[in-house]
Each structure stands twice: as C-alpha cells, then as structure tokens.
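1. Provide a 3D model corresponding to the input given below.
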Amino acid sequence: MTIEWRYTVKKDLGVLSLAGFLGAEAVDRFAGAIGWALARGTGPVILDLTSLRGWSVGGQLAVADAARRLADEDRPLELAAIPADGSLVPDGSRPPLVVHCDLPTALAAHDAGVGPQREWCSDEWPRARGPVDRLVP
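-> As a prediction, this is how the structure comes out:
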C-alpha cells in the first residue's frame, strides 16, 4: 500500500494533500512529493492529512525529515488533520511543526481560502480526472 498526493499552490502557500497510508513503502514517494513542492512553490507548505488513513513511525519520521528539508529552503511545514491517533514522533533535531485541526483552519491562518490556484497530482489521486497538471480557477 502506498500514498497518492496532490499539490496545490494558493497565494504564496503550498498545500500537499496525502491519501492512503504513509508507511515504509510510501516514504520514497512522499519524499518525491516534497521535492515537487520545493520545485513548484514558495512560502509555507501545509501537509493536509485529511485523507490519510494512518501512518507508521517511519512515516512520521519522514514528515519530520520533510520539515527539515523545507526549513533548509526557509519554507515552514505545517500539518492539518493529523491521523486520529494524534501521535507524532518528535526527536528534537528537526524544526517544530504547527498542527492545525483541519485544512480550512490552516488555510484561514494564512488567509488563503479563495483565489486562483495551480494543482498537480499523482495518477491515482482520489476523484482526479483529466491531466495531472491543471489550472484550477
């Protein structure tokens, strides 16, 4: 089992949404999605976990590594809607993570609710139809 992802750029903010299970077999795919976000956006990245069914300790550590990778580029990582168990594995060596209860709250914190956006997603992103790279009005 792996993850699917969607990356949306909204008003100097990136939203990386995940679906599936972030376990050991999905860590490389997740790292690739973080690379995609680094290459195509600016500003903070909100990691939207609304559709994530769960994560392993390895998946949680991959999120912590992503926070470090983004911080190296002066881009903070924030989490929205962490899985129900609410667990994170902090190790003190990575940047602190802001955690929002859900995606609308995270977007409101950045005043990024409405406006043009650009979106990319993996081939099997839920409800995705049409081209992978699309402009959403």
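2. For residue 108, grab the count of nearby residues.
-> Residue 108 has 12 neighbours, counted by other C-beta atoms under 10 Å. C-beta coordinates here come from the backbone N, C-alpha and C atoms, glycine included.
3. Give me the longest strand you can find in this structure.
-> strand 45-55 (DSSP state E).
4. counting contacts, what elements does the next helix or strand after that one pack onto?
-> Where DSSP states H and E defines the elements, the next helix or strand beyond strand 45-55 is helix 57-71. With contacts taken as 3 or more C-beta pairs under 8 Å, 6 or more residues apart in numbering; DSSP states H and E, helix 57-71 sits against strand 14-22, helix 27-40, strand 45-55, strand 77-80.
5. repeat that with 6 Å
-> Packing contacts for helix 57-71, counted by 3 or more C-beta pairs under 6 Å, 6 or more residues apart in numbering; DSSP states H and E, involve helix 27-40, strand 77-80.
6. Run the chain-centre distance for the shortest one.
-> Put plainly, it is strand 77-80. Computed by C-alpha atoms, centre = their mean, to the nearest Å, the chain-centroid distance of strand 77-80 equals 7 Å.
7. Nearest to residue 97 among the helices and strands packed on helix 57-71 would be which one?
-> Closest approach to residue 97 among those is made by strand 77-80 (5.6 Å; C-beta to C-beta).
8. Just give the strands next to the closest one in its sheet, each with its orientation.
-> strand 45-55 (parallel), strand 98-100 (parallel) (DSSP bridges).
9. just the ones you listed: most buried one?
-> Burial of the strands paired with strand 77-80 is given as mean neighbour count (mean count of other C-beta atoms under 10 Å); strand 45-55 ranks first at a mean of 21.
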